[in-house]
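**Q** model this:
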Amino acid sequence: MIQKIMSFFGFGPKKKTYPAYEGGNRNGTASKSPRPAASAAPAVNPRPTRKPEAIEVTTPKLYVGNLSFDATESDLSELFNGVGGVRNAEIVTHRDTEKSKGFGFVTMNSVEEAKRAVLELHDKEFMSRRLVVSGSKTNDRVAA
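**A** Numbering: from 1, shown residues only. Reported below is the predicted structural model:
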């Protein structure tokens, strides 16, 4: 009881203040000016867009990037069937969630059809996204 009375008159132990957590300034009193708004922070430069590396088409297997996450393998197969014969269309998915990673591979019937597919479909809009179509970097060599 005596400690409460003494602390009331300023004679007791002083309470530690933590201005960063209490919103006050260094001497423990509330600050009169509000914190600066988030918009006052310096503008951060957006990350530069990186153009995909152009891979020469040497096999019938093509890389297809920037796919919509809603695209299916049958959608991809139908799109490339308009250019030439498709052997296989595969969309890469996450191992655990089975959700699309946004890219896939299409194997055409011949290297000539694959080259034509790159010329016609690269940078074309498909399901509201611009496709990236190029030769595949993988070591899978398919006999033509």
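
**Q** ok, and the helix or strand in the protein with the lowest average confidence?
**A** Least confident helix or strand, the chain: helix 19-22 with a mean of 59, by mean pLDDT, DSSP states H and E.

**Q** Output whichever helix or strand comes after it as CSV, restricted to C-alpha atoms.
**A** Proceeding N to C from helix 19-22, the next assigned helix or strand is strand 61-65, under DSSP states H and E. The C-alpha coordinates for strand 61-65 follow below in CSV (Å, rounded to 0.1, in the frame of the first residue of the first chain):
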residue,chain,number,x,y,z
LYS,A,61,9.6,-31.6,-78.1
LEU,A,62,8.5,-28.0,-77.2
TYR,A,63,8.5,-26.1,-74.0
VAL,A,64,5.2,-24.1,-73.4
GLY,A,65,5.4,-21.5,-70.7
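
**Q** ok, residue 85 touching residue 108?
**A** Yes - between residue 85 and residue 108 there is a contact under CB atoms under 8 Å: 6.6 Å. Placement of C-beta: from N, CA and C, glycine included.
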